[in-house]
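1. Would you be able to build a 3D model of this:
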Amino acid sequence: MNRTRTILITGVSSGFGQALAEAALAAGHRVIGTVRQASTATAFEAHESGNAHARQLDLTDTPAIAKVVRDIEKTLGPIDVLVNNAGYGHEGILEESPTEEMRRQFEVNVFGAVEMIQVLLPFFRERRSGHIINITSMGGFITMPGIAYYCGSKFALEGISDTLSKELAPFNIRVTAVAPGSFRTDWAGRSMRRSPRQISDYDELFEPVRRARQEKSGKQLGNPAKAAKAMLDIIESDAPPTHLLLGSDALGLVRNRLSEMAREIDAWEALTVSTDG
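-> As a prediction, this is how the structure comes out:
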């Protein structure tokens, strides 16, 4: 029988965070969720299970991250699983998108996640146990026009997760990067930040992409409840994967990308090895 775990999930007010919190609570786990609004915290803690706890936290507030995590360990811990879910998408042609938008994207999607990990790791190391799940994206493997800052942040989190898995293996601490495809969340809807269009040269390339993304929002193939079930499966696994794709679209697109990379490596192999010696 799977044991009850204490799971800390960032961003439980919507999307994957909300779905995972619901599934984990239904499975009998204790969930501590971070939210940005006090009213959301109150609503989350009213869950009928009695196992839902909320902490108000802005992931761009570094001192607050340390304070919240240490308080959870002291009052509700020990934490068994950290799920870095909080994040958002930015859409915009790179030439049109201010670098301030990139800094904000990385502040939430990358720095916030890393700072959560850094504060929690001493507790995990002392216990010689723990599981870190970083929600990345198929956009951490593939790219498409108009989401350079978002893909950049997810490529970064994929690389950090992979490296971290090697650093923490001696301590029996697991790391999994979960890369979803297109799911019916708010990612492409109200959660998306969009830079205004300015340069007509990009219209033909990008406008159909932006229009299609808006039209498909809420109608994507992926079911967040099924994603939550998959994440519970890896939480309860004795040997969780280091990388996990979610969704048939992610599987197909990433496989195609890896095949393209292999073909390009082979095509330029002679030039690659010409630099030796």
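2. hey, where'd the helices end up in the stretch 151-277 of the chain?
-> 203-216, 224-235, 248-267, 269-273 (DSSP state H, counting those that start in this stretch).
3. Could you identify which of the ones you listed is most buried?
-> helix 224-235 (a mean of 19; mean count of other Cβ atoms under 10 Å). The way it works is simple: take the backbone N, C-alpha and C, and place the C-beta from them, glycine included.
4. tell me what it is packed against?
-> In terms of contacts (3 or more Cβ pairs under 8 Å, 6 or more residues apart in numbering; DSSP states H and E), helix 224-235 is packed against helix 15-26, strand 130-135, strand 173-180, strand 243-246.
5. hmm, back to that, relative to residue 143, which of the helices of the stretch 151-277 of the chain is closest?
-> Shortest distance between residue 143 and those, using Cβ to Cβ, is found for helix 248-267: 8.5 Å.
6. coming back round to it: of all the helices of the stretch 151-277 of the chain, which lies closest to residue 3?
-> That would be helix 224-235 among the helices of the stretch 151-277 of the chain, by Cβ to Cβ, at 10.6 Å.
7. And the contacts of that closest one?
-> 5, 7, 15-16, 18-20, 22-24, 27, 81, 83, 131, 133, 176, 178, 180, 183-185, 240-241, 244, 246-247 (Cβ atoms under 8 Å, 6 or more residues apart in numbering).
8. Derive a ChimeraX selection command for the buried subset of those.
-> Here is the ChimeraX command that selects only those of the contacts of helix 224-235 that count as buried (16 or more other Cβ atoms under 10 Å):
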select :5,7,15,16,18,19,20,22,23,24,27,81,83,131,133,176,178,180,183,184,185,240,244,246,247
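9. any idea how far the most centrally placed residue in the chain lies from residue 231?
-> Nearest residue to the geometric centre of the chain (Cα atoms, centre = their mean): residue 135, 2.1 Å. Distance, residue 135 to residue 231, using Cβ to Cβ, to the nearest Å: 9 Å.
10. How about residue 276?
-> Separation of residue 276 from residue 231 (Cβ to Cβ): 44 Å.
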